[in-house]
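Asker: Next one to model:
(one chain, ligands or ions: 1)
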Amino acid sequence: MKPKSLGLNTICTHVGEVEDKQFKGAISPIYMSSSYAYEDVEVKRYPRYFNTPNQEALCKKIAMLEKSEAGLIFGSGMAAVSTTMLAFLHKGDHVVLPQTLYGGTYNFVVEEFDKFGIEFSFTEGFSEDNFSEKIQDNTKVIFVETPSNPLMRITDLEMISRLAKQRGIVTMIDNTFASPVNQTPADFGIDIMIHSATKYMGGHSDICAGAVAASEEHIKIIWNLAKNLGGSLSDYTVWLLERSMKTMVLRVKAQNKNAKKMAKWLENHPLVEQVYYPGLKNHPEHKLAKKQMKGYTGMLSFEINESLDVSLFLNSLKLIKPSMSLAGVESTILSPAKTSHGLLSAEARKEQGISDGLLRFSVGIEETEDLIADLQGAFKKLTKMEKI
Ligand SMILES: *Cc1c(COP(=O)(O)O)cnc(C)c1O
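Answerer: Next comes the predicted model:
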């Protein structure tokens with residue numbers, strides 16, 4: 001059987017496993033060695049060269065999931081983002097980035113790029129015009145993040161790749177929110193896929209890792225810098241990530257289904273002003289999401305009236321945890337105004353559409369009846385307070 005014909009679940013379960021030649025165990029052994037022979041070997045292995053047996057094996061799984069030739073895994077999503085961007089951006093180069101961006105990536109760009117002499121522009125929206133008007137003669141990279149955080153806006157991947165290819169620009173996507181289960185950007189001509197594997201790939205809120213998938217040629221360029229920056233991860237974490245990824249498709253599909261149910265329920269709740277979920281027909285880019293995504297993810301956000309007590313609402317939840325991060329099997333909820341966007345002025349938040357009543361909801365695999373009951377209880381607390 002040609003590996004390319006394998007289905008997602010089969011790739012997750014079988015591809016890139018380390019064979020246990022000695023004992024014939026069913027799962028990959030862990031090679032924790034940080035010292036390998038250099039005489040009479042084809043490859044000189046070392047953890048920071050990203051080529052230990054466990055690293056190499058897991059990269060194959062990730063590459064195949066992203067329909068790419070090769071992959072690399074890193075110690076965090078930000079190690080993957082920063083190494084990949086710096087590998088393709090040199091002094092005097094320019095990068096176009098979207099209006100809204102994961103906080104860590106935004107900070108990396110605005111805090112670090114000046115010292116490398118790299119120019120950058122943020123778009124004012126997500127349309128073709130918004131992107132093309134920012135492209136300059138020295139633009140070398142277009143970086144996108146779709147769906148976006150926290151408002152779940154969708155960028156047209158085919159359009160981005162067309163804009164870039166005409167001009168010899170490299171395209172990168174932070175594909176964390178979608179995961180390879182819901183979106184394979186290579187289908188639309190995007191060059192480099194980046195993940196915070198801390199999220200859906202890990203899926204249990206217990207490991208921090210990053211991943212990149214691309215052509216052999218692009219991975220070689222990234223690797224050349226990666227070995228110097230040193231953002232590799234421990235083989236024990238590699239092994240945990242491999243274990244987690246075996247169930248990724250099952251988890252993500254369950255999360256997609258739950259999120260859609262929760263989005264519909266929230267949409268009809270009298271205290272909810274707005275729900276942002278690409279799977280809802282009233283989402284501004286629903287049609288586009290339908291075209292380029294296979295599922296609408298387990299992420300959504302919703303707005304309760306700004307006059308309501310957000311802290312009381314969050315503290316009244318018993319199952320859904322008000323905590324940072326996302327994509328675990330357990331549901332979590334977060335107020336962007338209090339966390340990721342807390343350092344921005346109220347005005348800057350407003351410009352980005354982040355109200356004080358906005359809540360980002362990472363829907364887990366629990367039974368939706370229990371999640372609904374939990375939210376209902378918290379909403380009741382709010383209405384009780386209002387009457388006092
Ligand atoms: C979490 C996250 C990152 C950063 O990943 P870390 O593993 O925390 O370094 C990057 N992009 C997105 C969209 C994320 O959600």
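Asker: can you pull out the helices in this structure?
Answerer: 8-14, 53-65, 77-88, 103-116, 128-132, 157-166, 179-182, 216-229, 235-245, 248-267, 286-292, 310-316, 346-351, 368-387 (DSSP state H).
Asker: among the ones you listed, where is the model least confident on average?
Answerer: Least confidently modelled of the helices of the chain is helix 346-351, at a mean of 81 by mean pLDDT.
Asker: thinking again about what came up before, most neighbours per residue, which of the helices of the chain?
Answerer: Highest mean neighbour count of those: helix 179-182, a mean of 26 (counted as mean count of other C-beta atoms under 10 Å). No exception for glycine: its C-beta is placed from N, CA and C like everyone else's.
Asker: I'd like to know which elements that helix is packed against.
Answerer: strand 192-196, helix 248-267 (3 or more C-beta pairs under 8 Å, 6 or more residues apart in numbering; DSSP states H and E).
Asker: residues making contact with that helix?
Answerer: Helix 179-182 is touched from outside by 8, 62, 65-66, 193, 195, 199-201, 248-249, 252-253, 256, 293-297, 327, with contacts defined as C-beta atoms under 8 Å, 6 or more residues apart in numbering.
Asker: How far does that helix sit from its chain's centre?
Answerer: 9 Å (C-alpha atoms, centre = their mean, to the nearest Å).
Asker: Next: stretch 225-233.
Answerer: 20 Å.
Asker: ditto for stretch 202-212
Answerer: 10 Å.
Asker: still on that earlier bit, now render the helices and strands packed on helix 179-182 as a markdown table, adding distance to Tyr38.
Answerer: A markdown table is the format used below for these (distance: least, C-beta to C-beta, whole Å):
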| stretch | distance to Tyr38 |
| --- | --- |
| strand 192-196 | 31 |
| helix 248-267 | 36 |
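Asker: Which residues are in contact with the one residue in the stretch 251-388 of the chain that gets nearest to the ligand?
Answerer: Nearest residue of the stretch 251-388 of the chain to the ligand (C-beta to the nearest ligand atom) works out as Leu326 at 6.2 Å. Counting by C-beta under 8 Å, 6+ apart, Leu326 makes contact with 199, 299, 332, 334, 360, 362.
Asker: what pLDDT does the residue of the stretch 151-300 of the chain found nearest the ligand get?
Answerer: Closest approach between the stretch 151-300 of the chain and the ligand, counting by C-beta to the nearest ligand atom: Ser196, at 3.0 Å. As predicted, Ser196 sits at a pLDDT of 98.
Asker: Likewise for Ile388?
Answerer: For Ile388, pLDDT reads 45.
Asker: ditto for Gly353
Answerer: So Gly353 comes in at 85 (pLDDT).
Asker: Count the residues that sit near it.
Answerer: By other C-beta atoms under 10 Å, 17 other residues sit near Gly353.
Asker: go on, Ala186?
Answerer: 22.
Asker: ok, it touching Ile173?
Answerer: No. At 9.6 Å, Ala186 does not count as touching Ile173 under the criterion of C-beta atoms under 8 Å.
Asker: related to what we said a few turns ago, including distance to the ligand, could the helices of the chain go into JSON lines?
Answerer: Formatted as JSON lines, the helices of the chain follow (distance: least, C-beta to the nearest ligand atom, whole Å):
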{"stretch": "helix 8-14", "distance to the ligand": "20"}
{"stretch": "helix 53-65", "distance to the ligand": "14"}
{"stretch": "helix 77-88", "distance to the ligand": "2"}
{"stretch": "helix 103-116", "distance to the ligand": "5"}
{"stretch": "helix 128-132", "distance to the ligand": "19"}
{"stretch": "helix 157-166", "distance to the ligand": "16"}
{"stretch": "helix 179-182", "distance to the ligand": "11"}
{"stretch": "helix 216-229", "distance to the ligand": "14"}
{"stretch": "helix 235-245", "distance to the ligand": "11"}
{"stretch": "helix 248-267", "distance to the ligand": "14"}
{"stretch": "helix 286-292", "distance to the ligand": "16"}
{"stretch": "helix 310-316", "distance to the ligand": "20"}
{"stretch": "helix 346-351", "distance to the ligand": "19"}
{"stretch": "helix 368-387", "distance to the ligand": "21"}
